[in-house]
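Asker: prediction below, plus the sequence it came from.
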Amino acid sequence: MLDNVALWFGILAGLAVAAQVAGTVMKRIKRVQMLHAAKQHQVREASRRMREKARITLDLRREERSMERELQELGVGIDQGEEAVAKERGSESHIYVLDDRRNPGDQAFIVPVRHPNFASLGRTAPAEVLGSWQHGRRYLVWAAAEKMAQAKAAMRFTADKGYAVGQPEPYQGDPEAL
């Protein structure tokens, strides 16, 4: 039996060592599992952040494209507005001064003068000059009354040459600035 006791002690010692190794291995497995779970959590968090950043980037790109389209539309609108202003300035009738001489009691009047067939008088005149006479020009006339302003304009632009002198209006603004 003594021979068996040593065997039993050897088996028991082997079992104790195996249990200790198994315990150590289990601790290592649990630690590795915890580290693995932590790494998986970090990967999921990083993936979530990347998806969020990708979504934000896509939203920003959409907004950028939208703003570029709006900017192009605004550019076209500005160009059209500038063309309209230039056209309006071009068609705007200038105020011409009939005579610089004036008396102390004179007032400034705007007298419209038209010539519907100015092409017969100024055969070589540019189209814009012809148009300004056909649509009517505005003349600043100094006179004491409306009738006198109309008479001054009628003496300069006679009806027998085809001019039509309209009804004078008092000038609204500072005539000295002209």
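Answerer: Alright, I've got the coordinates.

Asker: what about the longest helix in this protein?
Answerer: Determined from DSSP state H, the single longest helix within the chain is helix 2-91.

Asker: and that one, what does it pack onto?
Answerer: Contact partners of helix 2-91 among helices and strands, from 3 or more C-beta pairs under 8 Å, 6 or more residues apart in numbering; DSSP states H and E: none. Heads up, the C-betas are built off the backbone N, CA and C, glycines and all.

Asker: average pLDDT for that helix?
Answerer: Computed over helix 2-91, the mean pLDDT rounds to 89.

Asker: name the next helix or strand following it along the chain.
Answerer: strand 95-97 (DSSP states H and E).

Asker: distance of Ile29 relative to Ala19?
Answerer: Ile29 sits at a distance of 15 Å from Ala19 (criterion: C-beta to C-beta, to the nearest Å).

Asker: go on, Ala108?
Answerer: For Ala108, the distance to Ala19 equals 120 Å [C-beta to C-beta].

Asker: show me which of these two is the more surrounded one.
Answerer: Ala108 (21 against 10; other C-beta atoms under 10 Å).

Asker: that's a helix at that one, yeah?
Answerer: No. Assessed with DSSP: H, G, I helix; E, B strand; the rest coil, Ala108 is strand; it does not lie in a helix.

Asker: domain boundaries for this protein, per the record?
Answerer: 1-92, 93-177 (automatic domain parsing).

Asker: point out the most buried one among those.
Answerer: Highest mean neighbour count of these: domain 93-177, a mean of 15 (counted as mean count of other C-beta atoms under 10 Å).

Asker: can you point out the helix or strand that includes Trp133?
Answerer: For Trp133, the host element (DSSP H and E) is helix 127-135.

Asker: quick one, that helix and helix 2-91 angle?
Answerer: 60 degrees (axes from the mean of the first three to the mean of the last three C-alpha atoms, to 10 degrees).

Asker: show residues contacting the helix or strand that helix 127-135 is followed by.
Answerer: Proceeding N to C from helix 127-135, the next assigned helix or strand is strand 137-143, under DSSP H and E. With contacts defined as C-beta atoms under 8 Å, 6 or more residues apart in numbering, strand 137-143 is touched by 93-99, 101-103, 106-114, 149, 151-153, 168, 171, 175, 178.

Asker: list the strands paired with strand 137-143, with their directions.
Answerer: strand 95-97 (parallel), strand 107-114 (antiparallel) (DSSP bridges).

Asker: give me the mean pLDDT for it.
Answerer: Mean predicted lDDT for strand 137-143 stands at 89.
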